[in-house]
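Q: Provide a 3D model corresponding to the input given below.
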Amino acid sequence: MNDELTEVDIRKMQEEIDYRISLRPQLRADVQQARELGDLSENDEYRTAKREKGKNDSRIRYLQNMIATAKIIRADSRADEVGLFDKVTLYIEEDEATETYRLVTTLRENVLEGCVSKESPLGKALMGKRVGDRVCISPSPSYSYYAQIRAIEKGEDDPSLPITSY
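A: Predicted coordinates for the structure are as follows:
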């Protein structure tokens with residue numbers, strides 16, 4: 001399955017790739033310098049430098065693969081329906097609490113900041129719904145709960161939202 005990403009997601013990933021490629025010469029130099037310190041079997045600096053170089057190269061490959069396999073989507077939805085980048089205020093019935101979430105692409109998900117993926121159980125339940133709709137959210141096969149949509153604040157693709165790192 002291809003990840004559904006926006007043009008902003010692609011641009012942010014390409015910026016990170018360019019930055020990480022610029023780090024490669026220094027990381028190679030760090031490995032070479034640590035190698036010169038002596039016995040590699042007891043050289044923690046060497047292992048650390050190799051690990052950092054490997055993590056950087058791995059992240060570059062991951063981002064390049066994401067770009068190569070991405071399906072570009074647009075963040076447009078009807079004015080009265082929940083869509084990508086909208087803030088949705090929910091009334092959680094079993095908790096008798098109101099919570100607000102913003103629907104984002106999987107690459108910019110950050111639950112601690114209230115940004116949930118449109119691919120998550122919550123995101124899937126909300127996409128395309130309207131104010132007043134009662135939705136069933138099933139985070140697992142053995143548990144589900146109901147929420148009512150109280151408000152939708154239309155949003156747009158915000159370049160200030162960071163992409164997920166390691």
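
Q: contacting residues for the closest residue to Arg59 other than its chain neighbours?
A: Of all residues not flanking Arg59 in the chain, Arg20 sits nearest, at 6.0 Å (CB to CB, 6 or more residues apart in numbering). (C-beta placed from N, C-alpha, C; glycine too.) The contact partners of Arg20, by CB atoms under 8 Å, 6 or more residues apart in numbering, come to 56, 59-60, 63.

Q: export those residues to JSON lines and tack on distance to Ser117 and secondary structure?
A: Formatted as JSON lines, those follow (distance: CB to CB, whole Å; DSSP: H, G, I helix; E, B strand; the rest coil):
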{"residue": "Asn56", "distance to Ser117": "26", "secondary structure": "helix"}
{"residue": "Arg59", "distance to Ser117": "20", "secondary structure": "helix"}
{"residue": "Ile60", "distance to Ser117": "23", "secondary structure": "helix"}
{"residue": "Leu63", "distance to Ser117": "18", "secondary structure": "helix"}
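
Q: For those, which PyMOL command selects only the ones that are buried?
A: Only the buried entries of these go into this PyMOL selection, using 16 or more other CB atoms under 10 Å:
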select buried, resi 56+60+63
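
Q: Of the contacts of Arg20, which is the nearest to Lys87?
A: For those, the minimum distance to Lys87 (CB to CB) is 27.6 Å, reached by Leu63.

Q: mind giving me the domain split of this structure?
A: By the assignment in automatic domain parsing, the chain contains the domains 4-72, 87-153.

Q: ok, Asp30 to Ile67 distance?
A: Here Asp30 is placed at a distance of 27 Å from Ile67 (CB to CB, to the nearest Å).

Q: buried ones in the biggest helix by length in the chain?
A: Taking DSSP state H as the criterion, the chain has its longest helix at helix 7-35. For helix 7-35, burial by neighbour count (16+ other CB under 10 Å) applies to 8-10, 12-13, 16-17, 20, 27, 30-31, 34.

Q: Tabulate the residues you listed (JSON lines), appending distance to Asp76 and pLDDT.
A: Below are the buried residues of helix 7-35 laid out as JSON lines (distance: CB to CB, whole Å; pLDDT from 0 to 100):
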{"residue": "Val8", "distance to Asp76": "14", "pLDDT": "93"}
{"residue": "Asp9", "distance to Asp76": "15", "pLDDT": "94"}
{"residue": "Ile10", "distance to Asp76": "17", "pLDDT": "94"}
{"residue": "Lys12", "distance to Asp76": "20", "pLDDT": "95"}
{"residue": "Met13", "distance to Asp76": "21", "pLDDT": "95"}
{"residue": "Glu16", "distance to Asp76": "26", "pLDDT": "96"}
{"residue": "Ile17", "distance to Asp76": "27", "pLDDT": "97"}
{"residue": "Arg20", "distance to Asp76": "32", "pLDDT": "97"}
{"residue": "Leu27", "distance to Asp76": "41", "pLDDT": "95"}
{"residue": "Asp30", "distance to Asp76": "46", "pLDDT": "91"}
{"residue": "Val31", "distance to Asp76": "47", "pLDDT": "89"}
{"residue": "Ala34", "distance to Asp76": "51", "pLDDT": "84"}
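
Q: Cool, thanks, talk later.
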